[in-house]
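Participant: Let me see the structure of the following:
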Amino acid sequence: MNSLIYELPKIVDEGKKEVEKILERLAGTNKLALQTNELVLPAKDTNNLWSGRLPQTKENKWMNRLIYGDNLLVMQALLAGDAESGLASMRGKIDLIYIDPPFDSKADYRTKITLPSIETRQLSQEEARKLLPGSIAAEIANIHLEEIKEIQLEQKPTVIEQFAYADTWKDGTVSYLKMLYPRLALMRELLSDKGSIYVHIDYHIGHYVKLLIDDVFGKDSFVNEIVWKKYSGVKNQASKKLTTQTDSIFLYRKGADPIFNTQYRPMSEVYVKAEYKYVDENGRRFAKIRGRGYQGPEGEQTIKYLDENPGAPLTSLWDDDNLQLNTSSSERSGYATQKPESLLERIIKISSNEGDLVADFFSGSGTTGAVAEKLNRKWIMCDLGKPASLIMRKRLIDQNAKPFLYQSIGDYQKEAFVSSKQYRRVGDLAHIVLQLFGAIPFTDDQNPNRNFGYIKESRTLVMVDSPNKLTGLATLKKAVEHRNSFMGGWNKVIVLGWNFSFDITEAIQLLNDNKLEVLVIPPDLIDKLKTKASYKDLVGTGKIRFSSLQYLKVRPIEKKTISESEDALNIELDDYVLLSPDNIPLDEKDKEKLKELIAKDPLSLIEYWSIDPDYDGETFRSEWQDYRDNEANGTDKYHIVKKIQLKVPSVKNRKVCVKAVDVFGFESIVIEEIK
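Facilitator: The predicted structure follows:
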């Protein structure tokens, strides 16, 4: 293995070539686009729909964006723009970027999921006597109580995340730097001339990352290395090593005159009491100071008021206690690398003004967007993790954010997403999946992509979708076309997918094709295929199970007339059918826990559900929603409200769309026409 000093020029050279290809692609017709999964209208569980107003004028069309997907693709889509969706190119439009990229190759990327466990136990005579009158307690010998306890599951990363993490760390620091270089270059394209970028990194890798930023932005654009004290106290010190309490945040500017608002360190209470110990008749605290060079009468002093002293200007050492996220903080969302709001508040105030656009392309728990919202900035957030996206969505609703778009990359299938090396590997993987399913792969001449096979006896065509792609309507249409035309046609086509677009259920219903079947590839299959030997051991055993998609059941929606202009809709969840626990990325012991919960309490798996009472068939508008941990509805923290009556304006015909997202990030929708 060559030293990193030797590898760095190659990393930079490869990164520049990759960026050149990306920018050339953006200049052509083959552009990536964002798919709007949802227009989120933050309305917590109430009987009334969201009642705010959306931007209407051409001058005010901006909507904040929460985007699920690989940030390299997201940034390409933002640079390209999309006339159909009304998104202009963001090139040179972002005023501040903060990123906190993952920098620990040994990090555990599992997500902890808390679910209820309903347990029944017999009440003891002693407990009965405490709870019930003596005469009754003595007569009742067999009383049972239902108790709700917690169970915790650990979800492994999704397949898309597994691929990303594997690529990021397969060659250690070299792979990490290769991942980061083109992303930094695209961020520079997105920054405005008055913009700045803050790159948050730790001591393991910061010095190498700084060399990359120097190359992308120019060494002269370096402004500061900010040293952030991330916690107080001293944790257990490792042998022969000083405890590390700090991270570095590298600040770079894009142009010669960036936005920079001086901030001040607040004065300590001890200092204020010692220096500003006088109070005037108006209640203003002040200090008496005899200034240098003062020529007045002996003993005369000047007065300096406390409210006129903003404090000392900030330096690059940020060791304030209020910039740390304590374990008991109400901000905590359960996200391991969450940063405190006070830290982002300082950064956003320094390098942006009200109305400016702030972006974070490794958003995690969503602190950047949450703070930007509070400080009246526009924002874009992006993350590759489904759990992170759910945390961010809920966090923004909790703080009554303005309406925002929840989007994803709609064009994962475009070859622009994968380099030739990666594309070949995905083809090899598809070839293996076909054999595990029991299909015979076509030859490379017949199918260069290696993602089609067949079952001879039933003349069934089998298509394996890419793990780097969301399987949706376009893919299903392509599969049906191949069934009808490829090599003379087939009786049936089966699509095997890894990850699915939010409206996949609607897509299947829209096609209404009984010769089309959609099945889920086990997300942990890649883990099981680490070696050729493991692959051979699995073929023909039937151990790999391909399951049907999960789906939501809603009871028939009842409409009641309230007046000539208003109706009431009674909407109630009936059941939630989850795909087999074998196909959720969990350890075996957690799969058993999940099986028990599915049998007893399937709706407890719903993380949130939302309703669009006037669905237009294109954009889902969540005008009402409820979610776990919503304290406004008075239910326990493990369950959502199962039924609701909504008051809506009277119309002759309407489509009601109900969407549910479970704790694993799987989405299901039900559409019902009301006349």
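
Participant: what number of residues lie near L519?
Facilitator: 17 (other Cβ atoms under 10 Å). Where C-beta positions appear, they are placed from N, C-alpha and C, glycine not excepted.

Participant: Dihedrals phi and psi, it?
Facilitator: phi -130, psi 160 (degrees, to the nearest 10).

Participant: partners of it in the sheet?
Facilitator: L496, S548 (DSSP bridges).

Participant: Correct me if wrong: it contacts F500.
Facilitator: No - when contacts are counted by Cβ atoms under 8 Å, L519 is not listed as touching F500 (10.8 Å).

Participant: Mutual contacts of those two, please.
Facilitator: Shared contacts of L519 and F500 (Cβ atoms under 8 Å, 6 or more residues apart in numbering): L549.

Participant: The stretch 101-250 of the chain: strands as residue ranges?
Facilitator: Applying DSSP state E, counting those that start in this stretch to the stretch 101-250 of the chain gives strands spanning 111-122, 144-155, 191-201, 222-229, 246-253.

Participant: Determine the set of other helices and strands touching the fourth one.
Facilitator: Contact analysis of strand 222-229 by 3 or more Cβ pairs under 8 Å, 6 or more residues apart in numbering; DSSP states H and E lists strand 191-201, helix 206-217, strand 246-253, strand 317-318 as its packing neighbours.

Participant: Please list the residues outside the third one that contact it.
Facilitator: For strand 246-253, contacts defined as Cβ under 8 Å, 6+ apart pick out 195-203, 206, 209-210, 213, 217, 221-230, 347, 351.

Participant: Dig out what the residue nearest to R110 when sequence neighbours are not counted forms beta bridges with.
Facilitator: Take R110 and drop its neighbours on the chain: the residue closest to it by Cβ to Cβ, 6 or more residues apart in numbering is E154, 4.5 Å away. Going by DSSP bridges, E154 is paired in beta bridges with K112.

Participant: What distance do you get for E154 to D247?
Facilitator: Distance, E154 to D247, using Cβ to Cβ, to the nearest Å: 26 Å.

Participant: For V495, give me its contacts.
Facilitator: M463, D465, T471, T475, L476, A479, L516, E517, V518, L519.

Participant: Quick check: helices, which of these are part of them?
Facilitator: If you go by DSSP state H, those have T475, L476, A479 in helices.

Participant: Which single one of these is nearest to F452?
Facilitator: Nearest to F452 among the ones in helices among the contacts of V495 is A479, at 9.3 Å by Cβ to Cβ.

Participant: among the contacts of strand 246-253, which ones are buried?
Facilitator: Neighbour counting by 16 or more other Cβ atoms under 10 Å classes 195-201, 206, 209-210, 213, 217, 221, 223, 226, 228, 230, 347, 351 among the contacts of strand 246-253 as buried.

Participant: Neighbour count for E154 and D247, which is higher?
Facilitator: Comparing E154 with D247 by other Cβ under 10 Å, the one with more neighbours is D247, at 20 against 14.

Participant: Could I get the buried residue list for stretch 660-672?
Facilitator: Residues of stretch 660-672 classed as buried by neighbour count (16+ other Cβ under 10 Å): A660, V661, D662, V663, F664, G665, F666, E667, S668, I669, V670, I671.

Participant: My error: substitute stretch 544-561 in the last question.
Facilitator: Judged by neighbour count (16+ other Cβ under 10 Å), stretch 544-561 contains these buried residues: I544, F546, S547, L549, Q550, Y551, L552, V554, I557.

Participant: ok so, going back, can you redo the helices and strands packed on strand 222-229 as JSON lines with distance to P102?
Facilitator: Compiled in JSON lines, the helices and strands packed on strand 222-229 are given as follows (distance: least, Cβ to Cβ, whole Å):
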{"stretch": "strand 191-201", "distance to P102": "10"}
{"stretch": "helix 206-217", "distance to P102": "12"}
{"stretch": "strand 246-253", "distance to P102": "13"}
{"stretch": "strand 317-318", "distance to P102": "22"}
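
Participant: Any chance of JSON lines for the ones you listed, columns mean pLDDT and distance to T561?
Facilitator: Shown next, in JSON lines, are these (pLDDT from 0 to 100; distance: least, Cβ to Cβ, whole Å):
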{"stretch": "strand 191-201", "mean pLDDT": "97", "distance to T561": "53"}
{"stretch": "helix 206-217", "mean pLDDT": "95", "distance to T561": "62"}
{"stretch": "strand 246-253", "mean pLDDT": "96", "distance to T561": "59"}
{"stretch": "strand 317-318", "mean pLDDT": "94", "distance to T561": "61"}
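
Participant: And these: which comes nearest A430?
Facilitator: Smallest distance to A430 across these (Cβ to Cβ): 33.8 Å, for helix 206-217.

Participant: who touches that closest one?
Facilitator: 4, 8, 11-12, 15, 173, 177, 180-181, 184-185, 188, 197, 199, 201, 222, 225, 248, 250, 252-254.

Participant: Would you mind checking the contacts of V495 for buried ones?
Facilitator: For these, a neighbour count by 16+ other Cβ under 10 Å gives the buried set as M463, D465, T471, T475, L476, A479, L516, E517, V518, L519.

Participant: from the residues you listed, which is closest to I571?
Facilitator: Using Cβ to Cβ, V518 comes nearest to I571 of the buried ones among the contacts of V495, at 26.5 Å.

Participant: For that closest one, list the residues it contacts.
Facilitator: T471, L476, I494, V495, G497, I504, I508, S548, L549 are the contacts of V518 under Cβ under 8 Å, 6+ apart.

Participant: Could you say which helix or strand holds the spatially most central residue of the chain?
Facilitator: With distances taken as Cα atoms, centre = their mean, S389 lies nearest the centre of the chain, 2.1 Å away. Assessed by DSSP states H and E, S389 sits inside helix 386-398.

Participant: likewise V426?
Facilitator: Counting by DSSP H and E, V426 is found in helix 420-437.

Participant: gap between Y231 and I201?
Facilitator: Going from Y231 to I201 by Cβ to Cβ gives 17 Å.

Participant: Same question for I644.
Facilitator: Distance from I644 to I201, by Cβ to Cβ: 46 Å.

Participant: can you check A256 too?
Facilitator: A256 is 25 Å from I201, by Cβ to Cβ.

Participant: can you check N2 too?
Facilitator: In terms of Cβ to Cβ, N2 sits 23 Å off from I201.

Participant: returning to what we had before: let's have the contacts of V518 in TSV, adding distance to Y278.
Facilitator: Below are the contacts of V518 laid out as TSV (distance: Cβ to Cβ, whole Å):
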residue	distance to Y278
T471	72
L476	77
I494	83
V495	78
G497	73
I504	70
I508	76
S548	77
L549	72
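
Participant: Just give me the closest of those residues to K456.
Facilitator: For those, the nearest to K456 is I494 (13.9 Å; Cβ to Cβ).
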